[in-house]
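[1] A predicted structure for the sequence below; I have some questions about it.
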Amino acid sequence: MTEEEKKEDDVRVGVFICHCGSNIGGLIDCKGLADYAGTLPGVTHSEDNLYTCSETGLTAIKTAIKENNLNRVVVASCTPRTHEPLFRECVSEAGLNPYLFNFVNIRDQCTWVHMKDAEGAYAKAADLVKMGVAKAEKLEPLDMIKLDINQVGLVIGGGVTGISAALNLSRQGFKTYLIEKEAQLGGRLNNLYKLFPHDIDASEIVNRLISNANNPKNLEVLTSTQIVNIHGFVGNYEVEITQNGNNKTLKVGTIIVAVGSSLLDPKGLFGYNGQNIITQYELEPKLKNNQIKAKDIVMIQCAGSRNDKRPYCSSVCCMTALKNALIIKEKNPDTHISILFRDLYTPGTEYEEYYRKAREKGIIFINYDVDRNPNVEENQVRVYNEYIGEDMLIPYDLLVLSTPLVANTDNKVLAQMLKVPTESNNFFLEAHVKLRPSDFATAGVFIGGSAKWPVDITESIAQGYSAASRASTILSHKTIEVDGATSNLPVYNKNLCSGCEICMKVCPFHAIVKNEDDEIEIIEALCKGCGVCGATCTNQAIVIKHFTDDQIMSEILAYGGK
Amino acid sequence: MSFEPKLLGFLCNWCSYAGADLAGVSRIQYPPNMRVIRVMCSGRIDPKFIVQALELGIDGVYVMGCHIGDCHYLEGNYEAVKKYEMTREFLKLVGLDNRIRLDWVSASEGVRFGEVVSKFVNDIKELGPSPLSGDSPDKDLINKVRAIRLAAGSNRMRALVGRERKITEEDNVYGEKYPLEKYKEIMSQAIIEEYERHRILIALEDESKSVKSLASELSVDPSIILEHILTLKGRAQVDFQEIIKNTPIYMRRE
Amino acid sequence: MTVQTEESKSSNEDWKPKIIAFLCNWCSYAGADLAGVSRIQYPPSIRIVRVPCSGRVNPYFIIKSLTDGWDGVLISGCHPGDCHYLTGNLVARRRFAILNELLQFFGIEPGRVNFMWASAAEGERFAMLVRKATSIVKKLGPNNKFEKKW
Amino acid sequence: MEKVGAVMVVGAGIGGSQTSLDLADSGYKVYLIESSTSIGGVMAQLDKTFPTNDCAMCIVSPKLVETGRHQNIDLSINCVIEDVSGEAGNFIVKVRKKSLFINPDKCTGCGVCGRECPIEAIDIFNEKLAKYGATSVKYPQAVPLLYAINREVCIGCGICYGVCKAKAVEYDREDEVVDINVGAVVLSPGFDEFIPEEANLYGYGKYKNVVTSIEFERILSASGPYSGRVLRPSDGDIPEKVAFLQCIGSRDYSGVGKPYCSSVCCMYTAKEAVIAHEHMHQIKPTIFSMDVRAYGKDFDKYIIRAQKQYGVQYIRSRVSSIKEVPETKDLRLKYETQDGKIIEEDFHMVVLAVGLNPPDDAKYLAEKFGVELNQYDFAKTDLLNPVQTTKPGIFACGAFSSPKDIPDTVTQASAAAGCVNQLLYEKKGTLITEKSLPPEIFVRGQPPRIGVFICHCGINIGGFLDVPEVTRYAKTLPNVVMSDRNLYTCSADTQTIIKEKVQEYNLNRVIVASCTPRTHEPLFQETIREAGLNRYLFQMANIRDQCSWVHMNDWEAATNKAKDLVRMAVNKARQIEPIERIKLSVTPKALVVGGGISGMVAALNFASQEYETYLVEKEKELGGFAKHIYHTLEGADIQVYVKELIDKIKANKNIHVFTEAQMENIDGYIGNFKSSVIHGEKKERTEFSHGVVVVATGAKEYQPKEFLFGQNENVILQSEFERLLNETDQIKNKKSIVMIQCVGSRNDEHPYCSKMCCAEAIKNALLAKELNPDLEVTILFRDIRTYGFKEQYYRKAREAGVIFIQYDENNPPKINSDLKVEVLTPRNDKIYISTDWLVLSAGIYSDREENEELAKMLKIPLNDDSFFLEAHVKLRPVDFATEGVFIAGIAHCPKTIEDSISQANAAVSRACTILSKDEIEAEGKTARIDITRCIGCGMCIENCAYNAIELVDDRRFGTVASINQVLCKGCGACSGNCRCSAIDILGFTGEQIFEMITGRI
């Protein structure tokens, strides 16, 4: 008997009631229930077994299918959440399409919870079986959506996160493209002098990463490259790029976003003038070729961050300030350095120790309150000190502002191309902060580094690897199967659809698009099957496979029907 | 013997269904009156499912989903709330609104699942059997509930409820948040209008009638009936048939 | 050279009459358009020929239509006084009064050729007239008075 | 300041559209600014219009379509005037074009967004009786057919963007502010009707069945919410007894309404009553009125027909109160009859004839344009030139200056254009761009190569019939070399595709199967002309409005019908020939017949535009009827005005005056008239040629036979009385004067109102009272018709103690030899008034023999009151059916002096649309005679309403008919009964129609 199912009207349902030892059989008369099932319309075979999920139970199902050439199977036992895959596998082996199977829960949601009311439990079980059979009659064969995967990875952004992700992916054997907007890799790292907490030379890290990136066999680096447009979906992306003038299209399976973040333009912040009032980032190159001669240095933390315009902490500026202060102190110990801070973020073991070292070196830390910002005068800073209850005047001939990292201005454009969301500060928004930090809701796109949230180098590298491994879960298959129970706009409903695009707006996975001849199209590969679009479609044109209106209505009618 | 309510529950697969299973595993006992239909997400519940159940005489319908923010599909339960609120406002027109309920039960709240189901069974017991249950429920009420089901499924209502959340909580096409109370006003106005219009369509199914006879049958002011007849004529669902003694008679057209 | 369409004339219930309609451009043609704009449905039995004025309809057109196998003819112009060309429809009215007698003389059943007035705002009335004409011609059955020309 | 050859017209109702068309046809660039989203104004809301009862939509939409498409008219809708600077000849107006949130270039008006919009907003066009979506068009036949989003009610759900296939919806579309440089401005913002909300003493707003007259228009309209069935808003039943209440918010001194008379309510109420009865024969209309002011041409006849033929009952009484009967929602009216009885009567429905207020933005416009408003907030205009506002270079026409009906509005619209001509005539033609067209490809004799373009129109056609199948089918038809289908054939990009295909397949016939040719034929004809094909090598098949939209649920039948329509179009296309439009030269000179005020004003207007003008007057000197009038009711000095006109004419070198002159002969046709006149005592004869004729021959004062006129020298006419008052002081020793109105008017001999006698009587009565305060003045009247702002003088006369007694038409007052007047009052008790002078208000009559002579020469008709009959009472009130001949003054019908002046300027403006062109193009689709078959029987001549046919002798074929292409309109009435089928109409030839008939078996 081949896979093709029987004719539509010739529905032949088989019902299998499970005793589950005494968990069900102990409370209700399973035999009676099986006989009752036999009387239901469309049921040609019903039986009860001690343990349907056992080997004997499964073989019983397979033989029953063959003997009575059943084209629908209903199993009444425990919960589908654990056993549905098992029974689908079983019916499929018997040549029946796995979706022509329906599960009725008469244990966890019936016998186990109505132990003192056997009669009520039996009545409930009977109704549930009746509803299960009614839905079974309306089931249609579905096939898993096979999706061939282009086993090529793409990493956008050649900063430390991007390089690590690309290295990781290419080392796993996947052909990987690494594209970078600027002329050379390294991103923000090129600008830094030393890296906390071990004061390793930034250029050393960069060169190591770049050298690795340039020689492994299946990694192709494309610098000064811009993305024009991205089409397609998981496993089948086509990314149009331009590299100084000539356009190319890369065919890739997954995309890792590692575009990092950018510096806040300090104009108008505490009288910034670029000469003796500069930012930490402008200080780094000066330290490198040690042009710093200043005697009194003042640093102001949280300059332009943790206010209502940018209500977040960039997590790297405190450590950067300490690092630079220590380097200066080392060069000429008698420079007076005072750091005005609101809260000093040095989490973890090494960072806290770094802070302690700075204190020992005599760097003065003065706390200021958020609504009494220090104000910068000609060559002194006036700051209110809570402890002494009055303003302190700290002279400076060099003032360094620890400004925050902000989201790239072009994040929105990339987000639109990838059809992924950005949060209120325009950083990229991951699928779930705890459970899926490196995924996007839209399948096939992953995220790492300060493109998601400002993080330091170690965290960036870690997130790079995480994104790479998440991507490899897809790239490692030639084809992947996506659950068949997705939403669908069938041909026979095409003239019903008015094109109002409400389904597009209500689908969080951007699985519904308008194709070029302006018709609504559902990308089943991206659809998770939640069915919200089906319940929302104004002209009731969208069908939710395996949970169609018809099927659910038949369950209601079976229960409520007189 | 005492009244045993017939209840129907729609449980979302990832949270409330799992909660129900957990109640089973923990052997929490609760009354057996509720039959469960599993759906992938509470957002899948179409208002017509709920109203169809009540129309068949089921005494109560319970819709359960994940807590806000937990939804496996991110925003499914947000949509469920809006559809539930609309259904409730429709059912208020026939006094059946207290027979439906919406609640969030997470996969770890086995105990709570038992409690809420028991409470629902008791509340419905107190309320008594649905006026539509029994073997000869009053025909007028059946037509009213059927009108509600058709109205809730109408193109206009599905558009309004489909866009409500995004427009009032995020932004509409002009980039502004539309004030919620104003949207609710539009919704309530639309609900009443579509309800009355579909009652007219049902009343015209068996025979053509005049505005005045429809007004008395539906106990709605004749001038409002006239306005509805005009709109239905615009939608080519109703048409003018003839004039008998100065009174135009309208017929159903499909 | 005329082309044969596959539609053949079956004489049973679902036979659809083919009616040619001469509509004056300024009033009745506009009325037909308004029926469209207001989505008023009427039987698909008529094929409309636009003429500048009902006065343009030469009696010979009507007779030619009947001899060439149309089952019915409809001529519609502006209400008296509305005519864009002042008196075109009055000329037509006089002409068709005489033509009616001639048609009876030929043995054409009354109702197969009908004259009517519809203004640009009377979409619904136009649809009602088409329904009426179609039902009359349907009752009269196919036009087999003349030997077929094709 | 350099003058600009462009004009701005503010407000695109029927007035604004007419002015724009006149000016655009005379070579000016016109910027037509409309505040709402479609042109047509209030007239588009009307079902039928008085006095001819023709359907408003039938006559106004062709004019609106023409306005929308005219090459020289730049129409902008949804606009607000922001700022005005400059002076006559050169204004700069800042206009804000508010965004429609829909791109006008892309929107094809297919309407899917309106249908899918979930919002239901109140439809103001249908006066709140219906609802439409937040995205809507004002009414189905709107011009331009554009949808707009009403931002107040729109919730921003985005559905319209999704469903619009033309991607025309742009939510972020900004307003556009533009500075427009024009030489003159014409304000025609129309009026707003009085809303009786506050004065709900008549229950409006409280009782459902009390509606205003404008709402009743929508109830009557076949395209209105009730599809033309008159239904009661309370329960949808047909009201048998309908009461119409006149003067709601007019002639109201209580401060709620306005003190003036709104001029049009008497007539539109009579029309609404007539049409209501016509739609539903069971309706019995009753009209509660004071005076019935039916003063216009054929208005009185209309009232008489309403009473006799349609059973309309008039009760002369003011209804005191209306109460609603709760159960039946009927209305109980309480009123007092003429003979003093108080009656309570139930009606099913009440219609309040609301008056006309100035437009809501009158103050705003006045302040922006710097024009003054009069005490009633209407535009203040010059007493003797009602279109000239207080600011030079800015004119006002229509209801903005005073409440008036459509014929007067259209006349004033042309008058305003006439005045603009006088101001900017040097700049004519400077700003308009002639389209440069490629030479026409010669196709005659080539085998037909037909291209067929089938339209989807988004889903409007494609959604209901199988467009690909129809396209495939079209390809199989003989001579069709190419057929393809497009989403929107009328969109701008598809026009380029059509042009490319014409080149690529070198097509010589093009067929478009889409919507109605009425609105889209000119667009496609223009496109194929730009591709080098003669305009007329084009055919349309209407497969939307007359196929897909009306057979929505019958996919198969609709597809078959579409195939048939396409084949019929192809069959006809095989027979079409290119048609040349005949060009005619124009002699830039004008002839004005009649030297009264109208004639003189017309002649001066022509001359001021440097057109040579011939003025022919049959008397010894100029002046005409107005010579013996001293002042108008409003106080303008006519004697001085007439003298000034005569001096200006004598001084003007462009005007040749012929006095004591008689037209000997006028022949030729538009643009090429040749006339000869016999003038002076010595009866010299002069010949001259000219391009246009203005008939201003005036009319005569009625010489009464009744009331002992002629036998007793104390029985005098109003004109004589005015002379006595102004030149003698005999009035001082008179004790009592009695005036009798409607002498020689509104009777069987002259069944029309002479319009100016009431005003004359009240003017003289006031003057007499002023000269001799304790003089007793009694006016015996049938109706006092002091319409518009003249109402205030009627009020003054009453306050001055003049006694008004109404007499019934059937027993008029009697007079005996010793001047004792016996009159029967409405309460039918007899009273006797002795009088020193009996003053008769004699009407105006027109002498048939005198007019007949001129009528024959110009081939123009007279109506049965022997006044001249204009082409169309509403839309062409100053034109004759015969092109190139125009009418002004009381030769058209009795009217006041300022109206005559307006009509004179209007006639000149209409004439300038011809004189301003070196050559004019005649309509292409005209009749052609095959003289070999014509036997010269002359049957066709009677049928031609435009006298375009005459019998001529031909050398070879004897007397044959010959058609003047210029005058022929192509209606085909002549060809219908040509016995030897010698006449054919190009574009609708017999051959073509035969092919369409036989093509379909």
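    Nice, thanks for sending it over.
[2] What residue in the stretch 51-200 of chain B comes nearest to chain C?
    Closest to chain C within the stretch 51-200 of chain B is B:Asn155: 15.5 Å, counting by CB to the nearest CB. For glycine as for every other residue, the C-beta is placed from the backbone atoms N, C-alpha and C.
[3] For stretch D:225-233, the averaged confidence score.
    For stretch D:225-233, the mean per-residue pLDDT is 88.
[4] end to end, how far does it reach?
    By CA to CA, to the nearest Å, the extent of stretch D:225-233 from end to end equals 11 Å.
[5] Over to stretch A:294-311?
    Distance across stretch A:294-311, first residue to last, is 33 Å (CA to CA).
[6] swap in stretch D:387-407?
    End residues of stretch D:387-407 are separated by 15 Å (CA to CA).
[7] Tell me if that stretch is near chain C.
    No - applying CB under 8 Å from any CB of the partner chain, one finds stretch D:387-407 separated from chain C by no less than 15.2 Å.
[8] buried ones in that stretch?
    Neighbour-count burial for stretch D:387-407 flags D:387-391, D:393-407 (criterion: 16 or more other CB atoms under 10 Å in any protein chain shown).
[9] Could you check which residue of the stretch 451-562 of chain A lies nearest chain D?
    Closest to chain D within the stretch 451-562 of chain A is A:Glu501: 3.3 Å, counting by CB to the nearest CB.
[10] The closest residue to that residue other than its chain neighbours sits in which helix or strand?
    Of all residues not flanking A:Glu501 in the chain, D:Gly162 sits nearest, at 3.3 Å (CB to CB, 6 or more residues apart in numbering or on different chains). For D:Gly162, the host element (DSSP states H and E) is helix D:159-163.
[11] which residues does residue 14 contact?
    In the absence of a named chain, chain A is used. Listed by CB atoms under 8 Å, 6 or more residues apart in numbering or on different chains, the contact set of A:Gly14 reads A:43-46, A:61, A:64-65, A:68, A:70, A:72-74.
[12] wrong one, I was asking about chain D
    D:40-41, D:43, D:60, D:63, D:398, D:406, D:409-410, D:413, D:875.
[13] change it to 6 Å
    D:Ile14 makes contacts with D:Met43, as judged by CB atoms under 6 Å, 6 or more residues apart in numbering or on different chains.
[14] And the one 10 residues further on, by the same measure?
    Shown here is D:Ala24, whose contacts under the criterion CB under 6 Å, 6+ apart are D:30, D:70, D:72-73.
[15] My reading is that it lies in a helix. Confirm?
    Yes - assessed with DSSP: H, G, I helix; E, B strand; the rest coil, D:Ala24 lies in a helix.
[16] how about the residues of the stretch 501-650 of chain D near chain C?
    Counting by CB under 6 Å from any CB of the partner chain, the stretch 501-650 of chain D comes close to chain C at D:516, D:545-546, D:549-551, D:557, D:561, D:564.
[17] May I ask which two of those residues are separated the most?
    The largest separation in these, counting by CB to CB, is between D:Thr516 and D:Ala557 at 20.2 Å.
[18] And those two? Which one has more around it.
    Legend: neighbour count by other CB atoms under 10 Å in any protein chain shown for D:Thr516 and D:Ala557, higher for D:Thr516 (20 against 16).
[19] before we move on, the earlier item: tell me who's in contact with the closest residue to the residue of the stretch 51-200 of chain B closest to chain C other than its chain neighbours.
    Distances taken as CB to CB, 6+ apart put A:Thr538 closest to B:Asn155, at 5.0 Å, once the chain neighbours are dropped. The contact partners of A:Thr538, by CB under 6 Å, 6+ apart, come to A:500, B:155, B:158-159.
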